[in-house]
Structures are given as C-alpha cells and as structure tokens.
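Colleague: My questions concern the predicted model and sequence given below.
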2 protein chains.
Amino acid sequence: MEHHSFILKGNICYAENKDYLSVIDNGYLVCCQGISRGVYPCLPEKYQNLPVIDYHDMLIIPGMTDLHIHAPQYSFRGLGMDLELLEWLDTHTFPEESRYADLEYARKAYRIFTEDLQNSATTRAVVFGTIHIPATNLLMELLDSTGLKTYAGKVNMDQNSPDHLTEKDAESALESTAAWLSEMKDRYPNTQPIITPRFAPTCTGPLLEGLGRLQKEYRLPVQSHLSENLSEIDWVKELFPWSTCYGGVYDHYGLFGGDAKTVMAHCVYSSEEEVALMKKNKVYIAHCPQSNINLSSGIAPVRRYLEEGIPMGLGTDMAGGANMSMFRCIADAIGVSKLYWRLADQERKPLTMEEAFYLATKGGGSFFGKAGSFEEGYELDALVLDDSGIRSAKELDTKERLEQYLYLAGEGGRLAGKYVAGKNIFGSEM
Amino acid sequence: MEHHSFILKGNICYAENKDYLSVIDNGYLVCCQGISRGVYPCLPEKYQNLPVIDYHDMLIIPGMTDLHIHAPQYSFRGLGMDLELLEWLDTHTFPEESRYADLEYARKAYRIFTEDLQNSATTRAVVFGTIHIPATNLLMELLDSTGLKTYAGKVNMDQNSPDHLTEKDAESALESTAAWLSEMKDRYPNTQPIITPRFAPTCTGPLLEGLGRLQKEYRLPVQSHLSENLSEIDWVKELFPWSTCYGGVYDHYGLFGGDAKTVMAHCVYSSEEEVALMKKNKVYIAHCPQSNINLSSGIAPVRRYLEEGIPMGLGTDMAGGANMSMFRCIADAIGVSKLYWRLADQERKPLTMEEAFYLATKGGGSFFGKAGSFEEGYELDALVLDDSGIRSAKELDTKERLEQYLYLAGEGGRLAGKYVAGKNIFGSEM
C-alpha cells in the first residue's frame, strides 16, 4: 500500500457546512498517508519535514463527487435532446446501451469515458453500467486504474425494456448478479460494485425482492432513479398499485436506505410521503440539474430537501446531462434553483454559491464516508485550479475567483492538479 | 480595400430558415471578395482557380451574432449572481461601470474583452459601453481592430442612477452624444456607433425625445432593454404613466423600430400590446437565456415570438450572462425553452436545435444585413470547428457532430478558424 504524505500550498477553499466557505489564502493543506491533517495559515512545526508542493497563486479545493452518471451513455452525450425521459430511453438510450453486449465496442467507449473522467473535476463517482457483466467488469477495471474512487453497477432490468436489453427472468438475473457481486466485491482498491436496479418500471417484484436479499448478503450500497418524470410516476403507480409512493416500491424490497446505503437520482416530484421516507431512511438524493432541463423533466425542489436535512449531492446524469464538468453542474444547480423560485415556488429561495459548492464536495462526498472536505481526518481529495486563463481587469479575492471559476471553467479554466485519497492523479486541460 | 476570395472545404452546415439545417459533407464554400457565392458538393468550373483552404473533416458553420453584450461588465462576469436585476445593477453593475471614467482602467478591461471576443465564436455583436465617451471611443477602436463587425453604444442615462454614473442633464447629454455620433459614424470600417438609452427608468423624457431626434438625423440603429423583470416593469409604469406598455415609451420617442432599426434585449414579460407593437415595427428581440436564469428574471416566451414572426436573435447579455460562448447561448436557449414549456406554458413547445442554431446565425445576423448564412450574396462569416477533442465511440454524422459541439464547445471543442466578411480572424482555443 502506498503512503502519500505531503503538503499542498496555495489559496485554499473548502466547505465544512452548506452555509460557509472557508478561505485560507497562501495556506498549507497537510496530507499524511492520504488523510487530511487540516489547513493552516502557517505551517505547524511538526509538519516541517513533509515535502511542500507549492501551487503559488492557484486555488486548491476539495475533489468533487458525481453522484449519478451513466458510463455507457457518454458516447451520445449532447445528442437527441428533444425527448422526454421515457421516449428518450426507447429512442436513444436503450439502443446504445444494447451495444455493450459487444465487448470490443465497450472497450472503445469505456476507455474514452474513463480517460475523460480522470481528467475531469470529478474525484469520486457513482456509476451506472449496463446489464452486461463482461462490459461492466471491464468498466470497473478501467475505473479502478484511474485512481478515482468509484462505485459501479451492473444494471438489473427484467421487464418493459427491449428484448436485447432485458435479462431473461428474475431468477437468472439474480443468479448472475450474485456471482458478479461475489467476484467484484473488494476486488479493486478504488472501485466497488453497487446494486443497481435501473428503475422500478423495468424491474419485476421478484427481481427487486432478490436484489434486496443480495443487498443484505453483500452489504453493498444501492443506486437507482426516483420520481424524475410525471409519466414515469404514473407508470410506477400502474405497475405497483399497492405502493402509496414510488419510493415505497424500493423500500418494500429493502432497497431504500436504512441499513442499505442508497442514492436515488432526481426526485423532481417526490410526494410528502416519499420525502418523509427518504428523510427517515437517510436516502441520498442525487440532484441532476442539467438533466432536469435537457429531458424537460422539471426542477427538483432542492431547497426543500436541504431544509429537511436529507443527504444530497449533485450528479451530471450523463447523458441526461451533456456535460461531465462538476463545475458546470454547480452553476446549473444554482441556475435551475432560481427558475424554480421564479416559476414554481417563491417560498423556496435559490441555492447560494456556498450551498451548491457544498453539495458538489462534502454533500456528495459523504456517500463515500469522510470525503469532500479538508477537515482533519478526511480522505484527501483535492483539485488545483489554474484560473490564469480567466482574465479580468478587476482585482478579485479568492472567493470571487472561485465563484468565477465555477461559471467559467469551460471558458479559460484549467485543472492543474488532482489528488484522490492523497494520490496524485494527472490533471490535464478541462 | 481588401478583396478576399477563396474556397473553404469541409463539412458545411448552415440554416436558411429556422426549420431546416442544410448539411453538405466535404463541400465547397465559395467566397468572392468577402461575399458568399454559395455552397457546392462539387466545385463549379468557374471557381477552379480560387485558392482552396481545406479543413478536411472539420465542420464549417456561419459566424454567430451576439445581439446583446455589455463590454464593461466583462470584468465581473460570473460574480454576484445572487440578486435580481435592479439590486444587481445598484450593487455590482453601476459601481463597476463608473470605473470606466478612468481611461487606463478602461484600456486594461477593454483589451481583455476585445481579445476574448475576437477568439470567441462571435463574429458580429451589438455592444453596450458606458456613459463615458473617451472609454467608448477606445472600445470602438479596439473592437474595430478585431475585424469583427460590431455596433457599439455610448450609454445614455440621466436619472435614477448613482451620481458618478449619471449624465448631468438631458441637454448636455444630447449635446455630447450628438458630437460623439458625428465623430464616430463611418469612422471605422468594422465598428459603427449605435444609439443606446440604457433603459427607460434611467432616461428622462427629454433625453429620450432628443435621442429620437438624433436617430432621425444620423440614421443609426437603436439598442436598449425591455420588459426583463417584474419590478422593472412596475417602475416604468410609475415613471411613464401615460404609456400603456413599456415598449410604448420608446415608441413614443421614435426609438422602437420602424425607420429606426432597433434591438431590445430580453422581452420576458412583454404584454399583448407590446408584442403587437414589436411585430408592427419589426423590432428585434435579443433573447438572452442565461441572463434570464442568472438574474432570476424568468424565461422569455421565444416560441410565441417565433410564431409571430418577430425578428429575433440570441445575446449573451454579458454579465447578466457569465459565458461569452454563443454555443453555450444556443444550448441555454434550448434548455430554458424546455423549462418554459414544463413550468409556464405547455402550449409553447421547446426550441429545436435547428431553431436555436438559426437564431444564433441568420436570425441575429440579419440585424447586420445579409449575414449569418452561406446563401449566395451573404457576407462570408464562417467558423471552423475542430471537434476532435470531443471523443465518442459512436459514429456520428455531421449534423450530430454539430449538435454535440453546441453542447460541448466548452468540453473539448476548439475553434480552428474564423472568418468575418471574408477576412481571416485568428481563432484560438475556445
């Protein structure tokens, strides 16, 4: 095992909570064996012997967690953005995902995806694969080699999907999923399997029930989709009439938080009952603002979730979202919260920059444990931001430079360094 | 005068109308003395002697027009995005704009602005300056030297603004504005002055009346703001109680289309009467989607305006918008139109990619005459897009590559060439 001990020097920003951004200009971020030992304006005596990596006037911020991203959809990002969810799945998504039965195609596509993810601002991610085990194993191998910390899921779906993208029946799906979990659990240092029912409409009761059993057996987390689109919600009501809310379906089968750590993407239209259940079970919400826009879904009421104290982070939802950048995701989260305030509910004030930054770092990072902050004891994930390409006549303080970077990462921002759990990951141009 | 005659070869896309994108793979775009002679799948005999610039597999599209951009606000783009329009003006915008009384500050800031604009996807722009004539003249000199085609306005405002950013009175404002128009009209080959009342609330009746007279005298176009924000509209009602709509104020003074070519930014909340007046007078609308979001203004009903046949283009509204990229502006226009459909009016279907592309090219370009298309007789503005950094396992056709570029210009897209009226403008990385 490698031991990574060093000091990063620069203008350091991080969020301990959603309301306040800590800024330490010309500060020292101490990393011992991959773990943060805190941020200091002056270097304490006891760390004087550690090597200092001096990033001079650059910004140093915690790594970001993408709580919801579909690896096989990267190949058609930014395409076919004229449909709502269910039609989009049938027209674009399912046909593309079925190609991952071909391992050579999967290799080509997943190489591009993992290389681009490695070079992005994302340090941790919760990833959907496809139903195909060989392709998903390859994805995990490639993800692990990036050094990023990830969960990756072989997708389960045994109904209401095209033939070429449907598991034969619940029994065989569960058998192969059990074998996959058994093979992949703890196989890699950076990448773990995650239980991944696609979403309730494509899963039979027996499949969900069996996945609940596997969760208890393997004690691995769960990811799925929830209450993204109005037609989807109606469909779930038809398919599972006994459940009083969409989330109740997952909950019935033990796939909705509690002992089963769970992240649900979207939650645009969660009912009172569903919100209460998420809160009780500590279900994570992956808020995916650009996907909310692109698939015309609507806007998730994130202010509500923040006030309820429901754990939450941000997701790109590639390829419901077209952009991989978590900076863009932050800016989009702020943006859609303003339109929600203006067009849907003026009682829910927009997200502040501090809140959105928190969600992208510590908020989502907490799905992985102590990640996404520089507080002592946290795994040291850090991004070094070179904003020299974002030119301004005005003199800006460090917080303003960070705010500007969030909006302008794609117009002059450059990632100059990337560390995950203390390991230096090459950071190329954004 | 320079004569620019050549042929561009590549995968050519352009829009003659809002419903259809013309795609000619491996086509030839013929430019004679800065004017398009059309696009051909095979090169006609009569053009065989012109030099061919071969962009191989890259995309070639018309240049884009930014119909609404504030040059002095570039220095605080992406900052202070937590306020609505009127508070944002007082807190961030007016203090920054007052700094342009200092010509050295203006020089520093406008150099950055014009260099970045030159390297952007924008080939033509309608630009706000400040009230300061020396700074605005410097801006025009710098804009002209970029080779881009622009209108730039010395701003008029003589009430309801901070002392340091208010003209003394209407009489002196009109005197200096007349002198400025006289000095700058036809001074530069690429940059013309434009009459620029900031917006009705900061202009007295006598000032607007005088600007109407100057418009008739100098026969120059007009730019201003219209119906962006609800509090702004209430304020205009208070200030000009005799006018039955906001646009009626400008119209009363001869600053609202008809013989005075006019572009109005925003039009988020235009009344029936205002819409009818814009239609009758052929007033251009500059739709600024990112500004609609950032300033929590709401979303302009662009489908309505398209159906009415009101002339329209897109604007970044820097720094109401944070991003200078017109590609981003296209993607944002599509995005907000989806949220408008979902949250405001399901009778107004979202913009298609073809429509948004048309607005950014020929739609806004028509404010400059024959610009923004490759049809024969159009001034030849072209962008060459290198999408090799946008990697995908899937094979894409040319239209799909363009669509993907619109969404991913900031994540791997690179401008490889830029021509304005047949002149080669250096295109660096986006």
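Modeller: Here it is on my side, so go on.
Colleague: Do me a favour and get the end-to-end distance for stretch A:31-41?
Modeller: End-to-end distance for stretch A:31-41, by C-alpha to C-alpha, to the nearest Å: 15 Å.
Colleague: next one: stretch A:344-358
Modeller: Terminal residues of stretch A:344-358 are spaced 24 Å apart (C-alpha to C-alpha).
Colleague: Contacts for that stretch, please.
Modeller: Contacting residues not belonging to stretch A:344-358 are listed as A:15, A:17-21, A:299, A:301-304, A:306, A:314, A:330-331, A:333-334, A:337-338, A:340-341, A:359, A:402-403, A:406, B:81-82, B:296, B:343 [C-beta atoms under 8 Å, 6 or more residues apart in numbering or on different chains]. The C-beta positions use only the backbone N, C-alpha and C, and glycine is treated the same way.
Colleague: likewise stretch A:397-405?
Modeller: When contacts are defined by C-beta under 8 Å, 6+ apart, stretch A:397-405 is touched by residues A:11, A:13, A:21, A:23, A:25, A:59, A:61, A:327, A:353, A:357, A:385, A:387, A:390, A:392, A:396, A:413, B:77-79, B:81, B:322.
Colleague: Tell me the buried residues in it?
Modeller: Residues of stretch A:397-405 classed as buried by neighbour count (16 or more other C-beta atoms under 10 Å in any protein chain shown): A:398, A:399, A:400, A:401, A:402, A:403, A:404, A:405.
Colleague: do you know how far the first one is from residue A:30?
Modeller: Here the criterion is C-beta to C-beta, to the nearest Å. By it, residue A:398 lies 19 Å from residue A:30.
Colleague: one step back: closest to chain B out of the buried residues of stretch A:397-405?
Modeller: Among these, residue A:404 lies closest to chain B (C-beta to the nearest C-beta), at 4.0 Å.
Colleague: My assumption is that the closest one lies in a helix; please confirm.
Modeller: Yes. Assessed by DSSP: H, G, I helix; E, B strand; the rest coil, residue A:404 belongs to a helix.
Colleague: Please tell me how far the spatially closest residue to it that is not a sequence neighbour sits from residue B:108.
Modeller: In this structure, residue A:404 finds its nearest non-sequential neighbour in residue B:78, 4.0 Å apart by C-beta to C-beta, 6 or more residues apart in numbering or on different chains. Counting by C-beta to C-beta, the separation of residue B:78 from residue B:108 is 18 Å.
Colleague: Comparing the two, which residue is more hemmed in?
Modeller: Neighbour count, other C-beta atoms under 10 Å in any protein chain shown: between residue B:78 and residue B:108, residue B:78 has more, with 25 against 16.
Colleague: Distance check, whichever residue of the stretch 301-430 of chain A sits closest to chain B against residue A:44.
Modeller: Nearest residue of the stretch 301-430 of chain A to chain B: residue A:410, at 2.5 Å (C-beta to the nearest C-beta). Here the criterion is C-beta to C-beta. By it, residue A:410 lies 38 Å from residue A:44.
Colleague: picking up where we left off before, of the contacts of stretch A:344-358, keep whichever come out buried.
Modeller: By 16+ other C-beta under 10 Å, these give A:15, A:18, A:21, A:299, A:301-304, A:306, A:314, A:330-331, A:333-334, A:337-338, A:340-341, A:359, A:402-403, A:406, B:81-82, B:296, B:343 as buried.
Colleague: any low-confidence regions in chain A?
Modeller: Low-confidence segments of chain A (pLDDT under 70): A:1-3, A:427-430.
Colleague: re earlier: so the residue nearest to residue A:404 makes contact with residue A:406?
Modeller: Yes. Using C-beta atoms under 8 Å, residue B:78 is in contact with residue A:406, at 7.2 Å.
Colleague: mind listing the helices for the stretch 251-400 of chain A?
Modeller: Using DSSP state H, counting those that start in this stretch, the helices of the stretch 251-400 of chain A run over A:272-281, A:289-294, A:302-308, A:326-343, A:353-358, A:364-365, A:398-408.
Colleague: Quick one: closest of the ones you listed to residue A:72.
Modeller: Residue A:72 lies closest, by C-beta to C-beta, to one member of the helices of the stretch 251-400 of chain A: helix A:289-294, at 15.5 Å.
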